[in-house]
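>>> Got a predicted structure plus its sequence, pasted below:
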Amino acid sequence: MTLLLQLFINGLVQGMPLACLAVGFGLVYRSLRIFHLAMGAQFILTGYILYALMNWFNMGLMSAIPLTIILAVAFGAAIEKGVYLPFFNKKSSAGVTMIASLGVMIIVENVIALIFGNNVKSISTDLEPIYLWHGLKITRIQLIQMLVCGACFVGLGTLVQKNKWFKVIWAMGDQPKLVPVMGLPLTKIRLAIMCLSAFMVAVPSVLIGYDVGLEPHTGMNYLLTASVAVFFGGLDKYWAWGFGAICVAIMQSIVVWQFSGEWISLVTFATLVFVLLFKPNGIFGVRKRMEEE
Amino acid sequence: MRKFIWGLVIVAVVAIFGGRAWYLHKQATTEKNVVKIGAILPMSGNFSDDGDMTQKVITEAFNEFNQSSDFKLKLFVEDGKFTAKDSISAFRKLQSQGIDLMFIFGDVPSIAISPIAVEQNLPIYANALKTLDLGVNFFPDTAYLIDYSSDFVINDLKARSAAILNLKGIETEFMAKHFEEKLAEKNIPVVGKEAFTINATDARSFVAKILQNNPEVVAVFGWGSFYPTLLNTLREQGFKGPIITDWNISSYFDNIAKTEYPTYWTDTRFDLNSKDPEIAKFVQAFKAKYQRVPSTFAMMNYISAKIIATSIKTSKYSPKDVYETIQHTNGFPSVLGPISIGDNRHMRVPLVIKQMQPDGTAKVVKE
């Protein structure tokens, strides 16, 4: 029973960074209608920026993290300005933009491998302090991940509900074509979405990179899990992305209880397919009229 | 205008292909005293670091040989990307270039190419754990490695229970199975066993599960980004007993937490801080030339290239005789000790057990 509870807690903790990644993916997918594969590149690049700042420029962890996040957000803006916006202006199809996004990811992945090598890089190899409670274990970095990512997720969710500009960003996902009609600055809103998405990816990337190290080819794995969380919860509900992320993370952790860990991916995607068969819009998805699609 | 452009394109294509054919023909006729050795290495993808290092050391070994030989060894490298499909393509491309002898890096490529080699009666030379149907492996076989590490766990550590974590893969699964069998022979129970994939991210759940039955020793067989995470998580989650692993650990040494708790692995005598003058010379020369430190793999591939070169000379360049000569290698002098090729056509290299020290260095604890 203790093991089951421990696995549940591990999943719950992992769910918070995944919720942030789900927001990073979901915002772009919902508002810009882009299957944001370049998010995988953002994820790995952020970790490597932190590594470079600490090892090449001898910056301390606490001073390197804010600069890393600023640079990661700038990279998100560059993707919008250099790739997504030109394709949008040329009225390219979603498939074409997705291929371009995949291209960004492959380029970044290979450039990172070229500069840093394919071997694993660790930001810290120190063992994390561990806290025990009735036989249950949680490490300091797990707590930080849960609190920081949880705060980012809840904070943005509150802004989306309360703040006028964040409401516009969310509303754009409902009716993207109405934004220019209403006289709102479409280009600036697109840029804001990409920056916001990059921020939500950068925070867990830094924390996960610090926890488990960096490798140039791990981006796609996190990206896919984040996309599963979004579709699992339901595309049109912000809080459902978090619910989806926590469910997926707990499921991935609990699989180990009865099965071997090698089946984690299979169980994750099989569950997604199963859920979507019965609830095509996700658990909390809202069925739309045809003209709303 | 359009016809003119098409004409230009056709002329350009004919010129490129014609030129290439002429160049290859010229090369073939002018290089009579050259033995062409093809190498299928992972020059991109997850193992590109090993591929790059292997290319460097083979080139180094051949250059040393060529300086004192009237015939020359020429290396042709193709990127197999450590995948079956790309390695077969690389194999066919090298064959079309008239390669005399083929060196293959790793299990996945050599297993994929092995049936073609048998069909064509062409021995291949690989550094892989899995025994080839036709060819020689410049690498100890899994059973040989695991016999050594399990013997250490049984007789030196005197473990009464163990848990096993292994990467899902041909060699690592065999390692785990063979390790379990060796322990079973001595009635030592395996109280936890888990396999992980190379893309796994959460080590804490695996570790929580295998530690619940309090194993005395944990054996870890694998590589990839998850491998050092797993070793660190075992310590982070409070496991203070011995960890035994394979020599892939040397590639991840900088990524593993240094603790006072014992972490052991099977390895060769190669050590970056070795006092052995020949090893020290090799490490220094490598660092000076390539601004990086060589791995155990690099050292072994360097020795393999030397064995190939010597055998080509001994067999007077006959590919069939080269195969025979390499198979009968016995006591080849090297910095790792005398190298032989065993009955199963695998390299026999003297093994040692090393232990990680709290200062991050390695110490030989069993020879």
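Received the coordinates, thanks. Residues are numbered from 1 along each chain as shown, chains lettered A, B, ... in the order given.

>>> drop to CA atoms for contacts and neighbour counts, all remaining ones
OK.

>>> for chain B, what are the nearby residues on the stretch 101-250 of chain A?
Counting by Cα under 8 Å from any Cα of the partner chain, the stretch 101-250 of chain A comes close to chain B at A:117-122, A:124-130, A:137, A:212-215, A:217-218, A:221.

>>> one more time with 6 Å, if that's ok
A:118, A:120, A:122, A:125, A:126, A:127, A:212 (Cα under 6 Å from any Cα of the partner chain).

>>> Tell me which of those residues fall in helices.
Within those, residues falling in helices by DSSP state H are residue A:212.

>>> ok, which pair from the residues of the stretch 101-250 of chain A next to chain B is furthest apart?
Checked with Cα to Cα, those reach their widest spread between A:118 and A:127, with 23.6 Å between them.

>>> could you pull out the strands for chain A?
A:130-133, A:136-139 (DSSP state E).

>>> what does the stretch 151-300 of chain B give?
Using DSSP state E, counting those that start in this stretch, the strands of the stretch 151-300 of chain B run over residues B:162-167, B:190-196, B:217-221, B:243-245, B:263-267.

>>> what about the fourth one, average pLDDT?
Per-residue pLDDT values across strand B:243-245 average out to 94.

>>> what residues does that strand touch?
B:217, B:218, B:219, B:220, B:221, B:263, B:264, B:265 (Cα atoms under 6 Å, 6 or more residues apart in numbering or on different chains).

>>> Number of residues surrounding the fourth one?
When neighbours are counted by other Cα atoms under 10 Å in any protein chain shown, residue B:220 registers 25.

>>> Mind listing the residues bridging to it?
residue B:165, residue B:245 (DSSP bridges).

>>> Contact residues of the stretch 201-350 of chain B facing chain A?
Counting by Cα under 6 Å from any Cα, the stretch 201-350 of chain B sits next to chain A at B:205, B:225, B:229, B:236, B:255, B:256, B:257.

>>> Can you tell me which one of these sits lowest on pLDDT?
Among these, residue B:225 has the lowest pLDDT, at 79.

>>> how much space between the spatially closest residue to that residue that is not a sequence neighbour and residue B:161?
In this structure, residue B:225 finds its nearest non-sequential neighbour in residue A:120, 5.6 Å apart by Cα to Cα, 6 or more residues apart in numbering or on different chains. Relative to residue B:161, residue A:120 is positioned 31 Å away (criterion: Cα to Cα, to the nearest Å).

>>> Next: residue B:288.
Residue B:288 is 46 Å from residue B:161, by Cα to Cα.

>>> what does residue B:119 give?
Applying Cα to Cα, the value for residue B:119 to residue B:161 is 46 Å.

>>> Repeat that for residue B:146.
Residue B:146 is 17 Å from residue B:161, by Cα to Cα.

>>> neighbour count winner among residue B:288 and residue B:161?
residue B:161 (20 against 11).

>>> so that one sits right up against residue B:188, yeah?
Yes - the pair residue B:161 / residue B:188 is scored as a contact, 5.5 Å apart, by Cα atoms under 6 Å.

>>> Quick check: which ranges of chain A have low pLDDT?
Counting by pLDDT under 70, chain A contains low-confidence ranges at A:287-293.

>>> The residue of the stretch 151-293 of chain A found nearest chain B: neighbouring residues, count only.
Of all residues in the stretch 151-293 of chain A, residue A:262 sits closest to chain B, at 4.9 Å by Cα to the nearest Cα. By other Cα under 10 Å, the residues close to residue A:262 number 19.

>>> Let me know whether it touches residue B:196 as I believe.
Yes - counting by Cα under 6 Å, residue A:262 does reach residue B:196; the two are 4.9 Å apart.

>>> List the contacts of the residue of the stretch 151-293 of chain A closest to chain B.
B:195, B:196, B:197.

>>> Would you mark the buried spots in stretch B:205-212?
By neighbour count on 16 or more other Cα atoms under 10 Å in any protein chain shown, the buried set for stretch B:205-212 is B:205, B:206, B:207, B:208, B:209, B:210, B:211.

>>> scratch that, stretch A:265-283
For stretch A:265-283, by 16+ other Cα under 10 Å, it's A:265, A:268-269, A:271-273, A:275-276, A:279-283.

>>> the helices in chain B, which residues?
Under the criterion DSSP H, chain B contains helices at B:2-30, B:48-67, B:84-96, B:107-119, B:142-151, B:170-185, B:203-211, B:226-236, B:277-290, B:296-314, B:319-327.

>>> And those helices: which comes nearest residue A:79?
Of all these, helix B:48-67 comes closest under Cα to Cα, at 27.6 Å.
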